[in-house]
Each structure stands twice: as C-alpha cells, then as structure tokens.
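Visitor: make a model of this:
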Amino acid sequence: MVIQEPWRKYFPTKWLFVLMAIGVIDLISTATLHATGHIQEMNPLMKPIIEQSEWLFVLVKGMTLVLGYLVIMRHAKTHRRFVADVCRYGSIAYLVVWCVWFVAAL
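Guide: As a prediction, the model looks like this:
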C-alpha cells in the first residue's frame, strides 16, 4: 500500500493547485483593485457583474472556480495525465491573459 501526501487527495496534480491558486489570486486582486478604483474589469463576461457589486463578483467568480475544480477532480480519477496537462496549459494561458488584461487596465 502506497501512502500519499495528504494534499494529493484534494490536488492529484500540482498543476491543479497552481491553476486554483492563480484563480484565487485573480479573484482577490481584481475585487480589491476594482473596489479601490485602481482597475476596470476587462473580461466582458465579468464586467457587468463587478460593476454591480464586488461581492457579487467574488461569489460568481468563486462559484466558477469551485465548478471547474469539481469537474477537473471528477476526470482526475481516470485521466490524471490529461488533467495534469490541461491544468498546466490552462495555468499558462490564464497567466498570459491575466497579465495582458492587467497591464491594459493600468
């Protein structure tokens, strides 16, 4: 019997953790910077939500992160390698888009 690290139960691949961490950092920084008037939301899907309320934005963005996590975890049981690749490339794409939008909003 192989004993796994406790975090492996919730993050079967380190890339899932990286993807979720980027999402949470994005959520917190966007809501905070928007609330203080330092940025405008560039995502056309999230812009009307954050303009209505930063708390509504946090709720909606948080729900998308949870839903994404649950879908990924479901597939990780049988397709771990695929999930690792998707999370790796998704993390890179997320960072690129986030950095471009963040710089454009300054």
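Visitor: pull out the buried positions in the helix or strand hosting Val100.
Guide: If you go by DSSP states H and E, Val100 is part of helix 80-105. Buried residues in helix 80-105, counted by 16 or more other C-beta atoms under 10 Å: Val83, Ala84, Val86, Cys87, Arg88, Gly90, Ser91, Tyr94, Trp98, Trp101. Every C-beta, even on glycine, is put in place using the N, C-alpha and C of the backbone.
Visitor: ok, the residue nearest to the fifth one when sequence neighbours are not counted to Cys99 distance?
Guide: Closest residue to Arg88 apart from its sequence neighbours, by C-beta to C-beta, 6 or more residues apart in numbering: Trp15 at 4.5 Å. Look at Trp15 and Cys99: by C-beta to C-beta, to the nearest Å, they are 18 Å apart.
Visitor: before we move on, back to that, ok, so of the buried residues of helix 80-105, who is nearest Met46?
Guide: Each of the buried residues of helix 80-105 was scored against Met46 by C-beta to C-beta, and Trp101 proved nearest at 10.4 Å.
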